[in-house]
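Peer 1: Let me see the structure of the following:
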Amino acid sequence: MPGKCSFNSAWLSKDSYQQWLARDGDQGRARCKFCMKSFDVSNMGEAALVSHLKGKKHQVVASATTNRLAITDFMTTVSTERPSSSSVVLSSATKQTTISSDSKNEVLKAEILWALKVMNSHYSFKSSEDTSKLFAAMFPDSEIAKRFACGERKCAYVCTFGIAPHLKKLLLSEVSSQTTYVMLFDESLNHHLQSKQMDLHVRLWDGAEVKTKYIGSEFLGHSTAVDLAEKISNALSETGVKNLIQLSMDGPYVNWKAFSLLQKEIQKQVDKSLLNIGSCGLHILHNAFREGCKTTGWDIEHTLSSLYWLFHDCPARHEDFVTATGCSTVMLKFCKHRWLENVTVTDRALKLWPYVQIYVERVLRGELPDPKTKSFETVKNSTKDCLFIPKVMIFNSIAREITPFLTLYQTDKPMLPFLSEDMLQLMKGLMGRFCNEKSLKAATSVMKLLHIPFEDKSLHKDASKTNLGFSAEACLNQLRSDKKVSEREALELKKECKTFLITTLSKLQSKAPVNYQLVRSMQCLDPRRMASSKDVCLVQMKRMLHHLVEANHIEESICDDVLREFANFCDFAALQATFREFNPKTDRVDTPLYETMGTSKSFANVWHVVKMLLVLSHGQASVERGFSINKELIVENQKEASLIAQRLIVGHIRSVGGVTNVAITKELLLSVAGARQRYHSFLDDQKRASVKEIGVQKRKALGDELDELKKKRNRVKEDIGALEKSADGFADKAESTGNLTFIAKSNSLRRTAKDKRASLEEIEKKIDQKVAEMKEK
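Peer 2: Below is the predicted model:
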């Protein structure tokens, strides 16, 4: 009977239903195992099964499911029994099945390799369209090419629902097996998604090396400390906090607040503290240089930016410039976030400046059109400054002195053991430009350097002896000999240069990671120091052990064993040429320590500590490089899940050294074989969520209408009450005065109140109707 049918167990035994039909929790519904959805049978009974069976979507999914590889296709059975003579000869059917299974694997492998190539080369998914026909035509004698099928949509879901989940699972498994790891994070604006994208990386041991790997992204609108802490906590819930040793970041106050919140949460969960070695030293260096330049008031930033924007995307103006000067070289864009990367920008500006002066002069004489832009006004004012070129040369000279340090530390290699010494040499080099010999000789260690008052004039050379750099000195001398610059102006420029250097050094002195004792003590892991300064290294190792014990990352009881083993290892290092001749610019510190200390049981305790310390991050270079990868991958209308999947795949391919080096394991084949089913499940979830959202919106609209009707009902009731009260008042007056006019007014008000009551009844009916509709929803 319609409306009273229920699921019949006999249906499960019928050949046409048994492969795909299953019970549902509701007796009035049945479930399709192929389509991963339930449908109603209470009205039509078995006819509902027939209708679903004939459905186009069911037939497509059923066909794909039937042809999908089974788990047994990826498994081999090893038999220890000696085969009988009758089983030696395989039947032709068995051979055909085996060949078919192997062929399926080879085809699937080819499709995976193609998807990896698409990701690694940043092809669009659209580029996979009609590849099956193309490859069949290119390789007509290949059975794999004939069966290859990886079009636009399939390539997309293979990557997003097949390859990426497998790689994420591998990475999480790798993290969980680590004794310690570091989480790195940074955020930047995703212009296409119009939200902030926070990329998350993990730093861990991979064999004999420490590597940094992308693990995912979180997307934010607001990015308060609480928001950041919540998103990072989501990531940590997957990787676990038990073995987390550091949270690496750059230095905005909001990040430090988030760090504080996470520190408290981790202490509560696992009774451990994160090691704090400051924020990214590379960011601090960039910011210190920027602050130093800005204190001079030279305004180099605006002039170089204006020089770029004056001709950018303006072919007519660029043509005027080329015609007037004969120079077709274009200006480079000034980087406002990482000032030390502007060496090439200032080199280009110095090369173009004589031509820029010719262009400005011809515009002022009326020979060329006046751009009438703010950029032109800025450039024009700078051409009037005879000292602009020396100022740019000073900027360039100081940036060039710092750049080698940046280049050395923009790496994933463990570099903390060398940071203190390299920072000492860098700061002493900058000091040498304006400080006297006595103050330089006093700065024999980082600790002493951190306490030098750079603004103390007794430590300075005479201002006239300030080192501006070779090119700037030569240019300034030429300007003085040509009488274009006075001696007073030249001296003032040198004082400004000194201000530049003092501000830069003061910022480094107050914020650089070398302010942390743990960073300074990491010098004991420098192979050269191990081989030459055993006693100093032991003192520094002891300090680091105090930090690790205090943070509850090691037990205090093993510290004596660690120090003893470390002393023995220093004796061993003194005999090794590779340790004495170690070069941080070309060698890795993690590999030789792993091969000597990590593989020896006699150094097991000290290796546990050293392994923990070498994984600490010295900067955010890998995260910053990830932003460049994001720009290569981002396209219009891209979903968050798709971007994350592509980043995971590209990161894995680069870590193994290319597409052909990716291991096509049985687990990966299984994951990709199930990608279509996961894709359809995702679509179904999206559809259900959309339907649910529509229902919520309709319910909300009904609720709003109901609230408005109730307000209207209250207003009408108030009006009726007021009308009846006024009518009674006029009736009383008529009775007391005998004036019939008041009776007429009273009757009029009562008629109006009666009409209002009729309207109130209509409103009540509408309210009852809306309430009923809401119950149905």
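
Peer 1: going forward, measure contacts between C-alpha atoms and count neighbours the same way
Peer 2: OK.

Peer 1: Residue 202 belongs to a helix, doesn't it?
Peer 2: No. Under DSSP: H, G, I helix; E, B strand; the rest coil, residue 202 sits outside any helix and is assigned strand.

Peer 1: what are the bridge partners for the nearest residue to it once chain neighbours are set aside, then?
Peer 2: In space, and not counting its chain neighbours, residue 202 is closest to residue 183: 4.7 Å by C-alpha to C-alpha, 6 or more residues apart in numbering. Residue 183 forms beta bridges with residue 202, residue 247, as assigned by DSSP bridges.

Peer 1: Next up, the contacts around residue 183.
Peer 2: Contacts for residue 183 (C-alpha atoms under 8 Å, 6 or more residues apart in numbering) come out as 200-203, 244, 246-248.

Peer 1: can you tell me the helix or strand for the nearest residue to residue 522 once chain neighbours are set aside?
Peer 2: Nearest non-adjacent residue to residue 522, counting by C-alpha to C-alpha, 6+ apart: residue 417, 4.7 Å away. In this structure, residue 417 sits in helix 416-431 according to DSSP states H and E.

Peer 1: pLDDT (mean, whole number) over that helix?
Peer 2: Mean pLDDT, computed over helix 416-431, is 93.

Peer 1: go on, stretch 241-259?
Peer 2: Stretch 241-259 comes out at a mean pLDDT of 92.

Peer 1: Name the surrounding residues that touch that stretch.
Peer 2: With C-alpha under 8 Å, 6+ apart as the criterion, stretch 241-259 contacts 178-186, 224-226, 228-229, 266, 270, 272-276, 279-280, 283-284, 553, 616-617, 619-620.

Peer 1: Tell me the secondary structure at residue 192.
Peer 2: Applying three-state DSSP: residue 192 is coil.

Peer 1: neighbours around it, how many?
Peer 2: 12 (other C-alpha atoms under 10 Å).

Peer 1: Next one: it from residue 740, what distance?
Peer 2: According to C-alpha to C-alpha, to the nearest Å, residue 192 and residue 740 sit 77 Å apart.

Peer 1: quick one: buried residues of the strand or helix carrying residue 259?
Peer 2: With elements taken from DSSP H and E, the one containing residue 259 is helix 253-270. By neighbour count with 16 or more other C-alpha atoms under 10 Å, helix 253-270 contains the buried residues 254-259, 261-263, 265-267.

Peer 1: How about stretch 567-582?
Peer 2: 567, 569-570, 573-574, 579-580, 582.

Peer 1: Using JSON lines, lay out those together with distance to residue 467 and secondary structure.
Peer 2: Formatted as JSON lines, the buried residues of stretch 567-582 follow (distance: C-alpha to C-alpha, whole Å; DSSP: H, G, I helix; E, B strand; the rest coil):
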{"residue": "567", "distance to residue 467": "44", "secondary structure": "helix"}
{"residue": "569", "distance to residue 467": "45", "secondary structure": "helix"}
{"residue": "570", "distance to residue 467": "42", "secondary structure": "helix"}
{"residue": "573", "distance to residue 467": "41", "secondary structure": "helix"}
{"residue": "574", "distance to residue 467": "40", "secondary structure": "helix"}
{"residue": "579", "distance to residue 467": "37", "secondary structure": "helix"}
{"residue": "580", "distance to residue 467": "35", "secondary structure": "helix"}
{"residue": "582", "distance to residue 467": "33", "secondary structure": "coil"}
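
Peer 1: Just give me the closest of these to residue 532.
Peer 2: Among the buried residues of stretch 567-582, residue 574 lies closest to residue 532 (C-alpha to C-alpha), at 6.4 Å.

Peer 1: hang on, isn't that closest one packed against residue 530?
Peer 2: Yes. The criterion here is C-alpha atoms under 8 Å, and residue 574 meets it with residue 530 at 7.0 Å.

Peer 1: Counting neighbours, what do you get for the closest residue to residue 364 other than its chain neighbours?
Peer 2: With sequence-adjacent residues excluded and distances taken as C-alpha to C-alpha, 6+ apart, residue 364 is closest to residue 370, at 7.6 Å. Residue 370 has 14 neighbouring residues, counting by other C-alpha under 10 Å.

Peer 1: wait, what's in contact with residue 519?
Peer 2: With C-alpha under 8 Å, 6+ apart, residue 519 has these contacts: 277, 416-417, 419-420, 513.

Peer 1: same thing with residue 417?
Peer 2: Neighbouring residues of residue 417 by C-alpha under 8 Å, 6+ apart: 519, 522-526.

Peer 1: ok so, going back, can you give the distance from the helix holding residue 259 to the centre of its chain?
Peer 2: 20 Å (C-alpha atoms, centre = their mean, to the nearest Å).
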